[in-house]
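Q: Give me a model of this one.
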Amino acid sequence: MDATLRIKLSLMMFLQFFIKGAWFVTVGTFLIKNLQATGTQVGLTFMAQSIGAILPPFLIGLLADRYVAAQRLLCVLHIIGGILLWCAGSTAVFGSFYVLILFYMMAYMPTMALINTIAFRQMSNPDKEFPPIRVFGTAGWVVAGLIIGYTAWEQHGQLPYTFKMAAIASFILAFLALFLPATPPLKKDSSVSLGETLGLDALRLLKDRSYLVFFLASVALCIPLAFYYSFTNPFFNEIGIRSAAGIQALGQVSELLFMLLMPLFFIRLGVKYMLGMGMLAWVVRYALFRFGYLDGSEWPLVVGILLHGICFDFFFVTGQIYTNNKAGDRFKNAAQGLITLATYGVGMMMGSVLAGFVVDANATQDGFHRWDSIWIVPSLIAGMVLVVFLFLFKSGKKNINLSSK
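A: Numbering: from 1, shown residues only. Okay, here's the model as predicted:
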């Protein structure tokens, strides 16, 4: 790949994930401290991501497939997103904030697919060319967290700046999109059925018992996942952890490390126990959060953050590879869309609602929370999912082909 093109695509990935990392990690703390939001309202805010992951990506994907160049759609959506983020950081009323973030997520979530479309269309060998470019996305998330930690916006009540920072990055990415390689719509085969166009053909994967077990486990595991995204940052700030966003960025560093180690674990463990280790890591993570809170120690919290590589890579990345192998060439895109809809759409939506309810139920009169009672809930849910999964899932090592990653 041409060096200039590689730089453009890498910068696109960096900015895409920098934008989300700049405000998403600390939004719970912003809502509680700046807008005096309840736990339920925090959960509803994170549910906006799930709503944005359901219908808009399909509609934008349809436009990119048939009518409008992907880089032009990316430009327009990030201009809209930048305006919405800037306004969200300027509001002091939860109702107005929620409407802005809901529409923002409807604009942002489709761009996740668009950046992949733009990148993949420029590659002759995506298996080798994509990972070194995609890694800049994780780097963008880490840099955003480190900036927030360094500036101490959390401690100084200046979290509105995170939305302004994200908005500026969104405008920069919109400008960059004007110089990205042309990615026009591909001509569709007239013989393609409506079901295949809508991605419904991927539903046939659910006829396989093991895949159905994995599919349902993925949805269920996103319930404890929602606790992490919604309330880890408010938890850290409430108990006085300095540079909470910076510490949370260590999770993405861990993600990079375990991504490199995954092939070695695949050889020794196979898909079933890779997925199982990912689930177990969620159980341990929340147990460590609970222990750190009760003991007053910071090290269990840091270890819990560092488990993110196992939590995310071993379950969600392994699941993407497993889905890729199960689907075959004809239904790969539809199958990935189906599992994304089920997890970030349905699973995260249920988790966001439950997390908000649990946090509110454990609020104290002095404005604090009983975090030991809160963290035991997602730990138990992840544990139950793990037990059921290990008992019912029958697939083994032979189902994974690392060359298809």
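Q: Look at the residue lying closest to Lys8 once chain neighbours are set aside and give its secondary structure.
A: Among residues not flanking Lys8 along the chain, Leu180 sits closest, at 5.9 Å (Cβ to Cβ, 6 or more residues apart in numbering). In this view, the C-beta of every residue, glycine as well, is placed from N, C-alpha and C. What DSSP: H, G, I helix; E, B strand; the rest coil gives for Leu180 is coil.
Q: Spell out, range by range, the strands that occur in the stretch 51-200 of the chain.
A: In the stretch 51-200 of the chain, no strands are defined using DSSP state E, counting those that start in this stretch.
Q: so where do the helices sit in it?
A: 56-66, 70-88, 94-120, 126-151, 160-177, 194-198 (DSSP state H, counting those that start in this stretch).
Q: Just tell me which of those helices ends up closest to Ile19.
A: Judged by Cβ to Cβ, the one of the helices of the stretch 51-200 of the chain that comes nearest to Ile19 is helix 160-177, at 4.8 Å.
Q: Which secondary structure elements does the closest one sit against?
A: Contact partners of helix 160-177 among helices and strands, from 3 or more Cβ pairs under 8 Å, 6 or more residues apart in numbering; DSSP states H and E: helix 3-23, helix 27-34, helix 70-88, helix 126-151.
Q: Next, the angle helix 160-177 makes with the shortest one.
A: It stands for helix 27-34. 140 degrees (axes from the mean of the first three to the mean of the last three Cα atoms, to 10 degrees).
Q: Summarise which helices and strands helix 27-34 is packed against.
A: Helices and strands touching helix 27-34, as assessed by 3+ Cβ pairs under 8 Å, 6+ apart, comprise helix 39-52, helix 94-120, helix 160-177, helix 209-238.
Q: burial of Phe391, as a residue count?
A: Phe391 is flanked by 9 other residues according to other Cβ atoms under 10 Å.
Q: what about it, which SS state?
A: Taking three-state DSSP, the label given to Phe391 is helix.
Q: Which SSE is immediately downstream of the helix or strand where Ile339 lies?
A: Assigned by DSSP states H and E, Ile339 belongs to helix 318-340. Using DSSP H and E, the next helix or strand after helix 318-340 towards the C-terminus is helix 348-361.
Q: in this protein, which helix has the most residues?
A: Identified as the longest helix of the chain according to DSSP state H is helix 250-295.
Q: the inter-axis angle of it versus helix 126-151?
A: 50 degrees.
Q: just checking, next helix/strand downstream of helix 250-295?
A: Toward the C-terminus, helix 250-295 is succeeded by helix 299-306 as the next helix or strand (DSSP H and E).
Q: Report the residue spans of the stretch 151-300 of the chain with pLDDT below the cut-off.
A: Scanning the stretch 151-300 of the chain for pLDDT under 70 picks out 186-202.
Q: picking that back up, CSV please, covering the helices and strands packed on helix 27-34 and showing distance to Phe24 and mean neighbour count.
A: Converted to CSV, the helices and strands packed on helix 27-34 look like this (distance: least, Cβ to Cβ, whole Å; neighbours: other Cβ atoms under 10 Å):
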stretch, distance to Phe24, mean neighbour count
helix 39-52, 8, 23
helix 94-120, 10, 21
helix 160-177, 9, 21
helix 209-238, 7, 22
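Q: Would you reformat the ones you listed as a markdown table and include distance to Ile148?
A: Listed next are the helices and strands packed on helix 27-34 as a markdown table, based on distance: least, Cβ to Cβ, whole Å:
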| stretch | distance to Ile148 |
| --- | --- |
| helix 39-52 | 18 |
| helix 94-120 | 18 |
| helix 160-177 | 6 |
| helix 209-238 | 10 |
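Q: Ok, which of these comes nearest Asn362?
A: Short answer: helix 39-52, nearest of the helices and strands packed on helix 27-34 by Cβ to Cβ, at 8.4 Å.
Q: now the closest residue to Phe179 other than its chain neighbours: how far from Ala107?
A: Of all residues not flanking Phe179 in the chain, Lys8 sits nearest, at 6.6 Å (Cβ to Cβ, 6+ apart). Lys8 is 22 Å from Ala107, where distance means Cβ to Cβ, to the nearest Å.
Q: And for Leu9?
A: Leu9 sits 21 Å away from Ala107, taking Cβ to Cβ as the criterion.
Q: Can you give me the distance of Gly319 to Met274?
A: According to Cβ to Cβ, Gly319 and Met274 sit 9 Å apart.
Q: ok, those two, which is more surrounded?
A: The neighbour comparison of Gly319 against Met274 (other Cβ under 10 Å) goes to Met274, with 24 against 21.
Q: which residues touch the more buried one?
A: 262, 265-266, 314-315, 318 (Cβ atoms under 8 Å, 6 or more residues apart in numbering).
Q: ok, back up a step: hmm, the residue nearest to Phe179 is touching Leu178, no?
A: No. Counting by Cβ atoms under 8 Å, Leu178 is not a contact partner of Lys8; they are 10.9 Å apart.
Q: Give me the more crowded residue out of the two.
A: Shown here are Lys8 and Leu178; by other Cβ under 10 Å, Lys8 has more neighbours (19 against 10).
Q: So for the more buried one, what's the pLDDT?
A: Lys8 carries a pLDDT value of 94.
Q: How about the backbone phi and psi for Ala363?
A: phi -80, psi 140 (degrees, to the nearest 10).
Q: With His369 instead?
A: Torsion angles, degrees, to the nearest 10, at His369: phi -140, psi 150.
Q: phi, psi of the residue nearest to Thr340 when sequence neighbours are not counted?
A: What sits nearest to Thr340 in space, not counting adjacent residues and going by Cβ to Cβ, 6+ apart, is Ala53, at 6.8 Å. As for Ala53, its main-chain torsions (degrees, to the nearest 10) stand at phi -90, psi -10.
Q: Pull the contacting residues for the most centrally placed residue in the chain.
A: Compute the mean C-alpha point of the chain, and by Cα atoms, centre = their mean the closest residue is Tyr344, 7.4 Å away. Residues in contact with Tyr344 (Cβ under 8 Å, 6+ apart) are 49-50, 53, 222.
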